[in-house]
Structure formats: structure tokens, C-alpha cells
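Peer 1: Quick one: sequence plus predicted model below, questions after.
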Amino acid sequence: MSATKNVANNGPSGYEWEYARKDLGNTKWQNFKLFLYNPETGEVLNRTPKSWGGIFLFYCIFYSILACFFAICMSVLLQTLTDEYPKLQLDESIIGVNPGLGYRPMSPDPEADSLIWYKRHNNESAALWIDQIEDFLEVYKDPTLLPDNAQQMDCDFDNPPHMERVCKVEVERHVGPCTSAFGYGYVAGTPCVFVKLNKIFGWKPDYYQNLDELPDDMPVVLKSYITHATTLNASRWHTVWMSCSGADPHDAEAIGDVDYFPQPGYPGYFYPYTNSPGYLSPLVAVRFRNATRSTLVNVECRAWAKNIRYKKSGLNREGSVHFELLID
């Protein structure tokens, strides 16, 4: 009797295990409909409404607690961040303390990589590069495009930027023929490339202070310029110098004469970069006056300061930038 009683208490089929339940002879479609809804037991998907209600309540409570925990963690994280400066700076950041160089224009074709290639005296061929430079310099020419009503001022070594103001970068004056009026030299076959020092928050240059500190591998032409410039104004020692040359001996022959406007370097009053509204990186317009025609010239531009490491490597280049120039 006890065994019969135990069996009788095991569900409507009277079987303790579901797989032992007797086949009722239903078709697959009938079994599927019973799975969706069983009118005898009121089950939906093999669960009673009470069971579904318990599951729904559990997950509501579970995800509510999880959402609250996430909100608390996010709130704590946001308290440590600010739009004014990065949490990790200099040595603690991924960027590090060694700024590199960037340049414009850059090829829009990924396959062309760093190649600047066009036909001299061909307006259509030159227009691609001229338009890129125009787009890049747009914010330099029109400060109203900058956010937060940027307050720019004319700076000099004797007139550094005042509190809450930034130095203006002139791109129409003091840049010789590297202006929009001259098509940045592209049609004439003397193209200009604008080179900038990449921004690193809080980075301060360690300047060369005298001629004896200038490195042996610094170009002779740049050393001569520094000698003359610092003799006239000793404050100009506070400059991050820059030079462009052929990457290899045959490139050095093909590159021809190189001019720098307004000077071969970046004035120290632009540093450190502190994310001030309206700050723009200073530029050097590099003009290639007579590069050999129909010859691929590998150009390397390098920044010079005591705390800028130089590493000539295709993948892990430091303190410099590389591009190719081809004028047909």
C-alpha cells in the first residue's frame, strides 16, 4: 500500500520520473501544443503561472541590485575623472613622455600610406593636396571655429601667454610662399608640408642651452641657424628645434634645398600643453624648393630637445616622422 501511495503522489501521470511516463499516443504537434499551454494543469512552457511569477520576481530583484551596483561603481569612477586633464599623465600614461611629429597633408588612400605624389603644373593633381591643407588650417585661420570662445593672443619669447589665454599660430604671415595665395607651392613644384609636434599633456621640453650641448648628429645647417638666432636673442634657446632631411644618402641628394617657415623649430612659450580652450599646436611649414623630379624621396623630419628620444625604426619610430615625396 505504501508503494502505491508513493506512486500516486508523483504528479498527474503517477510516475516518479518524467522519462518513465507512459506514452499517451499524442502526435508531435499535440505534444508541442501541450508544451506551449496545458489546459489541464495551466502550465505554460512546462511551468505554472506561480513558477513563472517567482522566476520573474527573482530576476527583477537580481538585475535591480546589479544595476545599482554598476551605477555606484560608475559614479565612483567618474569622480576620479575630469575633462580638464587626464588621470594618468606622462610616465604613467600610455602615450609616455616622448612626443613624435605629425604632418599634413596626408594621402587619403590607405594603400598610398605616407606618399605625397602629384604632377607639377597640373592644377587638378595639386588640388587634392591643397584642399587637405586648407581643411587642416581652417581652425588656425578662423578662431571662431574653436570651442569655448578661445582667447588667443600674439605671443613672443618676451610675451608669453597670459592666464587663461593661448598663443595664436600664424599661418598666413611669416610662412613665406607656404600660403593659400600661392597654392602652398604645389602647382609651382615647390610643395610645402606642415609639420607639428604631437601634444602630450604636461610635457615640458628640456632645451639645449648652449652650442656645446648640441648633438653631433644635428645637421650643420640647423646648427648654423641656431648659432645665429641665439646670438641675436638668447631667449630663442627655449625652442624645440626641427629638421627635415633625406632618410638615406641617395634621398639626401634628391631632396634638394629645404626651407622652414617661420623657423626650424617650435617656440617654448607654447609649452607645456595643458588642454587650455583654443590651444593649437605650433606649425613649421617645410618647403622643398628643388626636389629631384620623378624620383621618390624618403623624407625624415626630426624634433630636437634633450628630452626627446630619437629612434629610427619603421614600426616603432620615436621623435620623428617619415613620409615620401614624388613630384612628376
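Peer 2: Looks like it came in fine.
Peer 1: any idea how far residue 238 is from residue 165?
Peer 2: 19 Å (CB to CB, to the nearest Å). For every residue, glycine as well, the C-beta is placed using N, CA and C.
Peer 1: what about the stretch 51-200 of the chain, any weak spots by pLDDT?
Peer 2: In the predicted model of the stretch 51-200 of the chain, residues 110-111, 148-150 satisfy pLDDT under 70.
Peer 1: how about the strands in it?
Peer 2: 101-104, 115-118, 152-153, 166-167, 192-197 (DSSP state E, counting those that start in this stretch).
Peer 1: what's in contact with stretch 133-150?
Peer 2: 104-105, 152, 166, 168-169, 171-172, 180, 184, 192, 194, 277-280, 283 (CB atoms under 8 Å, 6 or more residues apart in numbering).
Peer 1: Extract the C-alpha trace of that stretch and format it as CSV.
Peer 2: C-alpha atoms of stretch 133-150 as CSV (Å, rounded to 0.1, in the frame of the first residue of the first chain):
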residue,chain,number,x,y,z
ILE,A,133,45.9,71.6,-46.2
GLU,A,134,43.0,74.1,-46.4
ASP,A,135,40.8,71.8,-44.3
PHE,A,136,43.6,71.3,-41.7
LEU,A,137,44.4,75.0,-41.4
GLU,A,138,40.8,76.1,-41.2
VAL,A,139,40.7,76.4,-37.4
TYR,A,140,44.1,78.2,-37.5
LYS,A,141,42.7,80.8,-39.8
ASP,A,142,39.3,81.2,-38.1
PRO,A,143,39.5,81.1,-34.3
THR,A,144,35.7,81.3,-34.1
LEU,A,145,35.6,77.7,-35.0
LEU,A,146,37.4,76.8,-31.8
PRO,A,147,35.3,75.7,-28.8
ASP,A,148,34.6,77.7,-25.6
ASN,A,149,35.3,81.1,-27.2
ALA,A,150,39.0,80.6,-27.2
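Peer 1: before we move on, the earlier item: show me the one of the strands of the stretch 51-200 of the chain that comes nearest residue 78.
Peer 2: In terms of CB to CB, the element of the strands of the stretch 51-200 of the chain nearest to residue 78 is strand 166-167, at 27.4 Å.
Peer 1: Name the surrounding residues that touch the closest one.
Peer 2: Contacts of strand 166-167 (CB under 8 Å, 6+ apart): 150-155, 160-161, 267, 269-270, 276-280, 282.
Peer 1: now the stretch 201-328 of the chain, which segments are flagged as low pLDDT?
Peer 2: In the stretch 201-328 of the chain, residues with pLDDT under 70: 314.
Peer 1: go again using 50 as the cut-off
Peer 2: Within the stretch 201-328 of the chain, no range satisfies pLDDT under 50.
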